[in-house]
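Visitor: here is my input, please return the structure:
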Amino acid sequence: MEHPYTNDLIQETSPYLLQHAHNPVDWKPWNEQTLAQAKKENKLLLISIGYSSCHWCHVMEHESFENTEVAQLMNAHFINIKVDREERPDVDNVYMNAVQLMTGRGGWPLNAIALPDGRPVWGGTYFPKEEWTSALEQIAKLYQTAPEKLIEYAEKLEQGMQEMDAIIPNNSSPDFKLETLQNAISQWSRQWDTRQGGLNRAPKFMMPNNYLFLLRYAHQNQDQEILEYVNTTLEQIAFGGVNDHVGGGFARYSVDTKWHVPHFEKMLYDNAQLVSLYALAYTKTKNLLYRETVYQTLAFIAREMTTEDGAFYSAIDADSLTTDGILEEGAYYVWTKKELQILIGDDFDLFKEYYNINSYGKWEKDNYVLIRQDTDQDFCKEFGISEQEIISKKNKWHEDLLRFRESNKEKPRLDDKILTSWNGLMIKGYVDAYRAFNDEVFLAAALKNANFISTNLMREDGGLNRTFKNEKSTINGYLEDYAAIVDAFIALYEVTADNQWLNKAKQLTDYTFQHFQNPENDLFFFTSNQDPSLASRNTEFYDNVIPSSNSIMAKNIFMLSHYYSDNIYRDAAKAMLHNIQPSIEQSPTSFSNWMDGMLNYTMPFYELVIVGKDAEVLRQEFDSYYIPNKLIATSTIKSDHDIFKGRYDNDKTFIYVCVNNTCQLPVETVKAALKLMEV
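Guide: Residues are numbered from 1 along each chain as shown. So this is what the prediction gives:
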């Protein structure tokens, strides 16, 4: 007789959980009731973690979770919990750390088995069906015959997880030296691919923060070699197949070394950070490829990832249906030569050269992923056409191919939940694009989203919620939500001079101190002290594809210490960096945002205060220059805010240039201010 199952995921809003709502597994969401049931029945927890656009999650679902025999085994011996890692990064952190300790690697799908109290005892990533059932049978048997062995192992693992996250307070006095960064970069540069950009390996992840830091370091230290490496990387990523040349937007990573064949899912967080990176790189280099990349990416965000209310969706799946109705990775994005010949028509010979419809651009099964090799200038020289002509042709090609794709191909699934932290990253992307191009459309999008967050995800108690779906905001926010939103609101304040954004940034920061701070090491826990406790309370400090929530927070607090002349903030930001400093040289790629923060202390950091009726005009002029080591405060009216006190003049607009609480005499032009800053 078949085991009757009760899959509870149908009540959830997460697209990933809903994808599993019709599996024959007794899936339950992660919540207090589920955990209480495990304790009551004394059953092991089987925790399976993934996200909606994860290719191998879909494969494991099809092979194992849709199989009735496998489901019966799971249902008989375990309380089965499905977790969307994007909704619950706190749960994901705990079991990812455990699996990395047990196996030396991690990834998704992430599968772990834990004691009824949540402490992990076994885990891994993707398992083929036979391996999965074999492992489950062995663990179920061990729990029946010798549970003490699993309990003993859980205790050892718990100890290891605590040590893994430990940041030992640095008892020496804070002393930040440029030499630390030089040594770290020297070690890091051995892994650089100076021909194709990125690191010398495959797969290749874009890691925007690495290049934001290196761009800044190269600029401030006038290091042409590093600047060249950053530009090579940015150019190759923009040329590569990871950049959707037809519709704009970036895939998550490249499976090869030349950025050609992507893992086709598109994540909001990658695109948000890449917009910031290309916008700032344009300000530094005035490279038109970077401008084109920002505009194409934001066109994609506006078209496919934005709600009517101005909120941003989370992700677009890698897989979509082929014309034969088979779910296949990349089906929506790849082209056959025949398709392209028909769609491009007379221009095909030129298109073929521009996008490498040849052995260089071929992928598999006669499919091509569009990839460029040349700048427009070089291409036009070789083929004897003007740059204006190639831009015009490109626009038409993109329009024609996009129209065909949207009307003739099955679209990949959209993960339509709204995540607070990723929306914060996207606000910052739009603000950086506005700074670089002074395009009011970008500022309007940033403000619309910030107002959406303020209205729907900020709570009356001063806290944030994590996610919004079906007109409902849920899940208490994590440190990454606060860090990204505070960063975004500070950026908005800089370009609007609207005090509400700075005030909100301060209020959210103060809330973070109250509910997240770890007094033992001056860093912040990932979860609030109001959240139910997990097997361990993590501190996230390694910079990854998204910088760590602690490194973003340290930079936020540094900025706020200047805006509010607040010594508590100043000391807190310094203490956080000081306690991380010993780790930096050991693993530079995991600390790029911390290193960016260290530049604030090892080289001059400028406060630019612009006061007077023309303050906004002068701010816009400043934004046309790449000055990463500054903050800006502007006011067109007399203000009581500390930073503006005694500085307003009815007849003139003054620029004050200050370093370390010491200000030069005010000047009236950007040119004069730049001279004082040695820019």
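Visitor: excluding its backbone neighbours, what's nearest Lys448?
Guide: Gly310 (3.2 Å; CB to CB, 6 or more residues apart in numbering). Heads up, the C-betas are built off the backbone N, CA and C, glycines and all.
Visitor: next up, the contacts around that neighbour.
Guide: Contacts for Gly310 were tallied using CB atoms under 8 Å, 6 or more residues apart in numbering; they are 445, 448-449, 451-452.
Visitor: distance check, the closest residue to Asn243 other than its chain neighbours against Asp415.
Guide: Once flanking residues are discounted, Asn243 sits nearest to Phe250: 5.7 Å by CB to CB, 6+ apart. Remark: distance between Phe250 and Asp415 (CB to CB, to the nearest Å) = 16 Å.
Visitor: so where's this protein uncertain?
Guide: The model of the chain has pLDDT under 70 over residues 1-5, 679.
Visitor: okay, domains of it per the record?
Guide: 8-164, 178-321+415-602, 333-408, 606-676 (automatic domain parsing).
Visitor: about what we covered before: quick one: secondary structure of the residue nearest to Lys448?
Guide: coil (DSSP: H, G, I helix; E, B strand; the rest coil).
Visitor: just use 365 as the starting number from now, easier for me
Guide: Fine by me, first position is 365 from now on; the one you just mentioned is Gly674.
Visitor: just the terminal-to-terminal distance for stretch 415-429.
Guide: 15 Å (CA to CA, to the nearest Å).
Visitor: swap that for stretch 440-456, please
Guide: 25 Å.
Visitor: packing partners of the helix or strand hosting Glu753?
Guide: Under the criterion of DSSP states H and E, Glu753 resides in helix 751-772. With contacts taken as 3 or more CB pairs under 8 Å, 6 or more residues apart in numbering; DSSP states H and E, helix 751-772 sits against helix 701-708, helix 712-718, helix 740-747.
Visitor: in that helix, what's buried?
Guide: 754, 757-758, 761-762, 765-766, 768-769 (16 or more other CB atoms under 10 Å).
Visitor: now render the residues you listed as CSV, adding distance to Lys648.
Guide: Output for those, formatted as CSV (distance: CB to CB, whole Å):
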residue, distance to Lys648
Ile754, 25
Lys757, 29
Lys758, 24
Trp761, 29
His762, 27
Leu765, 32
Leu766, 30
Phe768, 37
Arg769, 34
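Visitor: what's the closest of the residues you listed to Val423?
Guide: Nearest to Val423 among the buried residues of helix 751-772 is Arg769, at 24.8 Å by CB to CB.
Visitor: what are the buried residues along stretch 418-425?
Guide: Neighbour-count burial for stretch 418-425 flags 418-419, 421-425 (criterion: 16+ other CB under 10 Å).
Visitor: which pair in those spans the largest distance?
Guide: Longest span within the buried residues of stretch 418-425, CB to CB: His419 and Glu425, 10.9 Å.
Visitor: pop out the phi and psi values for Gly487.
Guide: phi -180, psi 170 (degrees, to the nearest 10).
Visitor: in the sheet, who's paired with it?
Guide: Ala476 (DSSP bridges).
Visitor: OK, contacts around the spatially closest residue to Arg934 that is not a sequence neighbour?
Guide: Leaving aside its chain neighbours, Arg934 sits nearest to Ser925 (3.9 Å; criterion: CB to CB, 6+ apart). Contact analysis of Ser925 by CB under 8 Å, 6+ apart lists 931, 933-934, 937.
Visitor: then Ile721?
Guide: 701, 704, 715, 732.
Visitor: what sits closest to the second one if chain neighbours are left out?
Guide: Beyond its immediate neighbours in the sequence, the residue positioned closest to Leu704 (CB to CB, 6+ apart) is Ile721, lying 6.1 Å away.
Visitor: so the one you found belongs to a strand, correct?
Guide: No. Applying three-state DSSP, one finds Ile721 to be coil, outside a strand.
Visitor: against Gly694, how distant is it?
Guide: 16 Å.
Visitor: likewise for Tyr642?
Guide: Tyr642 is 24 Å from Gly694, by CB to CB.
Visitor: do the same with Leu410
Guide: 31 Å.
Visitor: more crowded one of these two?
Guide: When Leu410 and Gly694 are compared for neighbours, Leu410 comes out ahead with 25 against 22, by other CB atoms under 10 Å.
Visitor: SS state for the more buried one?
Guide: strand.
Visitor: pairing partners for it in the sheet, please.
Guide: Here Leu410, judged by DSSP bridges, has bridge partners Asn444, Ile477.
Visitor: my guess is it contacts Ile443. True?
Guide: Yes. Using CB atoms under 8 Å, Leu410 makes contact with Ile443 at a distance of 7.0 Å.
Visitor: His426: how many residues sit nearby?
Guide: For His426, using other CB under 10 Å, the count is 12.
Visitor: can you pull out the strands in the stretch 765-914 of the chain?
Guide: 778-779, 782-783, 829-833, 836-840 (DSSP state E, counting those that start in this stretch).
Visitor: tell me which of those sits nearest to Lys1035.
Guide: strand 782-783 (42.7 Å).
Visitor: what ranges do the helices span in the stretch 815-964 of the chain?
Guide: Using DSSP state H, counting those that start in this stretch, the helices assigned to the stretch 815-964 of the chain run over residues 843-860, 863-880, 913-927, 931-948, 956-966.
Visitor: just name the most buried of the ones you listed.
Guide: helix 843-860 (a mean of 26; mean count of other CB atoms under 10 Å).
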